[in-house]
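*Asks:* Take a look and give me a structure for this.
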Amino acid sequence: MTGDPRPIAFFDLDGTLVAGQTQKMLVAFMRTRGLVPGWFLAGTGLWFLGYKLGLVEANDQARKRGAVLFAGRTVEEVGGLMADFFEERLAPRLFPPVLAELERHLGADRRVVLLSAAFTPLVEVTARRLGVQEFVATDLEVADGRFTGRVLGSPVYGAEKAAVAAGLLGGGARAEKCFAYADHDTDLELLRLVGQPVAVRPRAGLRRAAVMSGWRILE
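*Replies:* Residues are numbered from 1 along each chain as shown. Sure, this is the predicted structure:
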C-alpha cells in the first residue's frame, strides 16, 4: 500500500503467533487424513529435531520438501484443508499475549502484516481468520488450478523477511513508530528495522540481543 503513513506491526508466525512449527504440525495433520506416506513423516520429524537442536537451518531444501505435500491438489482442495488445519491445530496453539498484541494493533488502525516462511495457502487462511488484511509468505506454483509441488522464489525467512519488511516500510510508514514480533535469532535483522521490536519467548541468541538492546520480551 504505497503512501500509507500508518505504523506497521509485523508478526512472525512460527514460534511467535503460533506455538510450534506450522510445517511440522501440517505434516502430522495431513498424515491423519491419510494424505502423507509414513516415510515422509519420519523424514520430516528427523529434520525438525535437527532444527530444534540447531543442527540444521530452515533452508530452501526444507521448504521444497514440504511443498510436495500440495502436489497435484487443487487450489480449492488445499484451501479447505488449510481451513480445517487452522481450526483443529493452529487455533488452539495461538499464543494469547501475542494474539492480544495483534488485536490491539488492529483496534488502533495500524497496518498488521504477517511475515512467514510458511506456505501462502496456510498463511492466507490464518490471516483471514484473525482479521488481518496483509501477509507475505512463501509462494507455491500453481498450474491449471493445481499445485505443482514447487516453491516460487525464496522463502520469507531471515534476510528475505527483513527485505520484505523494508520494502513495506518504504511505502510511507515511519520505522521508529513501527513494531515487529519474532522469536528466532534469524529475525534479528527484521527486529532491528523498527523502533518497537518485541522478542517473543526468544531463543538464546535473540534473548541476549533483546536484553542488551532493552527490547520488550513476551514470555
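*Asks:* got a list of what the closest residue to Trp215 other than its chain neighbours touches?
*Replies:* Among residues not flanking Trp215 along the chain, Pro197 sits closest, at 4.8 Å (CB to CB, 6 or more residues apart in numbering). Just so you know, the C-beta spots here come from the backbone N, C-alpha and C atoms, and that holds for glycine as well. When contacts are counted by CB atoms under 8 Å, 6 or more residues apart in numbering, Pro197 touches Phe179, Ala180, Ala182, Leu191, Ala210, Ser213, Trp215, Arg216.
*Asks:* Dig out what the nearest residue to the third one once chain neighbours are set aside forms beta bridges with.
*Replies:* Distances taken as CB to CB, 6+ apart place Asp12 nearest to Ala182, at 4.1 Å, with adjacent residues excluded. The residues paired with Asp12 through beta bridges, assigned by DSSP bridges, are Leu115.
*Asks:* Next, count neighbours for Asp12.
*Replies:* Counted by other CB atoms under 10 Å, the residues lying close to Asp12 total 27.
*Asks:* if we can go back for a sec, now, of the contacts of Pro197, which are buried?
*Replies:* Phe179, Ala180, Ala182, Leu191, Ala210, Trp215 (16 or more other CB atoms under 10 Å).
*Asks:* Ramachandran coordinates for the fourth one?
*Replies:* Torsion angles at Leu191 (phi, psi; degrees, to the nearest 10) stand at phi -60, psi -30.
*Asks:* same deal with the one 4 residues further on?
*Replies:* Gly195 adopts backbone torsions of phi -90, psi -10, taken as degrees, to the nearest 10.
*Asks:* Could you tell me the model confidence score at the residue lying closest to it once chain neighbours are set aside?
*Replies:* In space, and not counting its chain neighbours, Gly195 is closest to Glu176: 3.4 Å by CB to CB, 6+ apart. Note on Glu176: pLDDT of 97.
*Asks:* Can you list the residue ranges for strands in the protein?
*Replies:* 8-12, 111-119, 134-143, 146-152, 179-182, 196-200, 216-218 (DSSP state E).
*Asks:* where do the helices sit along the chain?
*Replies:* In the chain, helices defined by DSSP state H lie at 22-32, 38-52, 60-67, 75-85, 96-107, 120-130, 159-169, 188-191, 204-213, listed in chain order.
*Asks:* Let me know the angle separating the fourth one from helix 120-130.
*Replies:* Between the direction of helix 75-85 and that of helix 120-130, the angle (axes from the mean of the first three to the mean of the last three CA atoms, to 10 degrees) works out to 50 degrees.
*Asks:* what's the neighbour count on Arg31?
*Replies:* Arg31 - counted by other CB under 10 Å - has 16 other residues nearby.
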